[in-house]
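Trainee: Sharing a model that was predicted from the sequence below.
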Amino acid sequence: METLVSAWERCRTYMEGMHYRGYDPYDALCSPLWELPLFRHRVLRRVGQQLLLRCPLNLRPLFRVRPGKNPVTLGLALEGYVYAWRSFPERRPLWETRIQVCIAELQRLRSPGWQAAWGYDFPWEARRMSLPAYAPTIVATGIVTGALFRAATICQSQPAAQLCLQAADELIQRFPRSDDGEEMLCWAYSPFDNQRVLNATLFGARLCTHAYVLSQREEFREAARRSVRFVLAHQDPRGAFPYAVGDDPRRWVDHLHTGYVLECLQEYHQLTGDPTVSEGLQRGWTYYRRVLFTAEGLPRWRDRQRYPIDASVCAQAIRTLCRFGEESAAVRIARWATEHLQNADGSFAYRRHRFWTQRTVFMRWSVAWMFVALAELLMHIRLKGHARLD
């Protein structure tokens with residue numbers, strides 16, 4: 001266990017030393033180059049974003065892209081500190097200070113014009129939408145509010161509870177959604193689109209579930225129930241969850257987003273006791289464990305693709321395995337990630353390909369995700385007395 005504690009502490013030291021600022025895989029459009037009239041075309045912007053994302057060298061300084069402070073980074077840091085608050089009670093004054101800092105920063109970084117919604121700190125060209133910096137998305141908001149809910153319920157933080165409830169109110173009142181009859185609904189990814197993305201819809205369902213626990217308002221429980229029914233209706237016969245549905249061609253099954261889906265479904269099931277989820281959740285978990293891991297126990301990128309082995313995918317695998325009681329499998333992945341992706345300064349490299357490692361450090365994507373994953377794993381180990389796992 002001590003090696004994992006050391007790895008987590010070095011990651012924390014790096015993240016705090018950088019004041020939670022860093023590069024992001026999708027921050028290419030922060031370059032002043034894209035302010036020139038010639039480069040404002042959407043196709044060019046998307047190509048440029050993808051080229052910088054896939055470049056084996058970090059050319060961001062060359063293009064004058066500055067390290068940014070992403071709300072999701074602060075949300076993941078907050079959640080990690082909450083887990084540390086439980087795991088290392090002898091240091092609670094430190095964790096309480098860090099928790100307060102993160103909540104204050106999340107209040108400052110709210111999407112303009114919204115009381116409690118969050119987006120990314122960079123403009124973003126996706127396949128079906130263009131998003132300005134800080135435009136709210138349901139995924140970013142769901143990750144942040146997941147951390148706020150834990151701060152509210154574990155540490156009894158009233159500011160965190162208030163923000164979580166405000167976010168749920170705004171989701172209900174302001175986020176687009178499509179209704180499939182009276183029994184199902186699908187939340188849009190952002191206020192700028194009408195995509196039907198399963199993991200995004202479940203982040204909305206989880207936020208409503210959290211708001212129901214905090215307020216006992218039935219409208220939140222009902223919205224969560226209908227969102228969950230929509231996702232389960234689109235689970236395929238194998239138990240897999242495609243990324244998107246409807247006329248969207250993105251039908252792939254990948255590790256990261258399947259982990260999101262299972263995490264949100266399980267939390268909804270635990271907090272509401274809805275028995276209709278059990279069968280689909282079990283089929284999804286069985287498919288996930290059977291198909292989305294290699295024989296060595298490492299997370300596969302997609303159901304038919306082993307590489308790359310990505311830091312954020314490792315982190316999500318650790319978290320999902322912990323939540324389903326498989327700490328031993330989570331420890332194996334954590335040890336592999338700290339041995340092969342963690343740098344000497346405590347940061348984490350982006351991803352490992354078959355024959356080489358892309359060593360660019362991304363604060364949100366790699367460092368913050370591994371920080372919270374290791375914190376959650378250490379909490380599970382400590383609470384269950386599994387020191388032998390390391």
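Mentor: Ah, there it is. Keep in mind that this is a model prediction, so the values were computed, not measured.

Trainee: quick one, phi/psi of the residue nearest the centre of the chain?
Mentor: Centroid-nearest residue in the chain: residue 143, 5.4 Å away (criterion: Cα atoms, centre = their mean). Backbone torsions for residue 143, taken as degrees, to the nearest 10, come to phi -70, psi -40.

Trainee: now do residue 244
Mentor: phi -140, psi 160.

Trainee: residues in contact with the residue nearest to the centre of the chain?
Mentor: Residues near residue 143 by Cβ atoms under 8 Å, 6 or more residues apart in numbering: 72, 75-76, 203. Every residue, glycine included, has its C-beta placed from N, CA and C.

Trainee: Just give the nearest non-adjacent residue to residue 26, would you?
Mentor: residue 124 (5.6 Å; Cβ to Cβ, 6 or more residues apart in numbering).

Trainee: which ones are touching that neighbour?
Mentor: Residue 124 neighbours (Cβ under 8 Å, 6+ apart): 26, 29, 49, 130-131.

Trainee: Bridged to it, which residues?
Mentor: residue 131 (DSSP bridges).

Trainee: sec struct for residue 337, please.
Mentor: With DSSP: H, G, I helix; E, B strand; the rest coil as the basis, residue 337 sits in helix.

Trainee: any idea how far it is from residue 106?
Mentor: 26 Å (Cβ to Cβ, to the nearest Å).

Trainee: ok, back up a step: I'd like the contacts of residue 124 as TSV, with pLDDT, neighbour count and distance to residue 119 appended.
Mentor: Output for these, formatted as TSV (pLDDT from 0 to 100; neighbours: other Cβ atoms under 10 Å; distance: Cβ to Cβ, whole Å):
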residue	pLDDT	neighbour count	distance to residue 119
26	96	21	12
29	95	23	14
49	94	22	16
130	87	15	13
131	92	22	7
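
Trainee: Relative to the whole chain's centre, how far out is stretch 129-147?
Mentor: Taking Cα atoms, centre = their mean, to the nearest Å, one finds stretch 129-147 lying 10 Å from the centre of the chain it belongs to.

Trainee: Repeat that for stretch 242-259.
Mentor: That offset, for stretch 242-259, works out to 16 Å (Cα atoms, centre = their mean).

Trainee: list the buried ones in that stretch?
Mentor: Using 16 or more other Cβ atoms under 10 Å as the test for burial, stretch 242-259 gives 242-245, 253-259.

Trainee: now the strands: where do they sit in the stretch 1-150 of the chain?
Mentor: 21-22, 68-69, 124-125, 130-131 (DSSP state E, counting those that start in this stretch).

Trainee: Just give the nearest non-adjacent residue to residue 267, would you?
Mentor: Going by Cβ to Cβ, 6+ apart, residue 267 has residue 206 as its nearest residue, at 5.7 Å.

Trainee: elements contacting whichever strand or helix holds that neighbour?
Mentor: For residue 206, the element it lies in under DSSP states H and E is helix 198-215. Helix 198-215 is packed against helix 138-154, helix 158-174, strand 184-187, helix 218-233, helix 255-272, with contacts defined by 3 or more Cβ pairs under 8 Å, 6 or more residues apart in numbering; DSSP states H and E.

Trainee: what's the angle from it to helix 158-174?
Mentor: Inter-element angle recorded for helix 198-215 and helix 158-174: 120 degrees (by axes from the mean of the first three to the mean of the last three Cα atoms, to 10 degrees).

Trainee: In terms of neighbours, single out the busier of residue 337 and residue 106.
Mentor: Per other Cβ atoms under 10 Å, whichever of residue 337 and residue 106 has more neighbours is residue 337, with 28 against 24.
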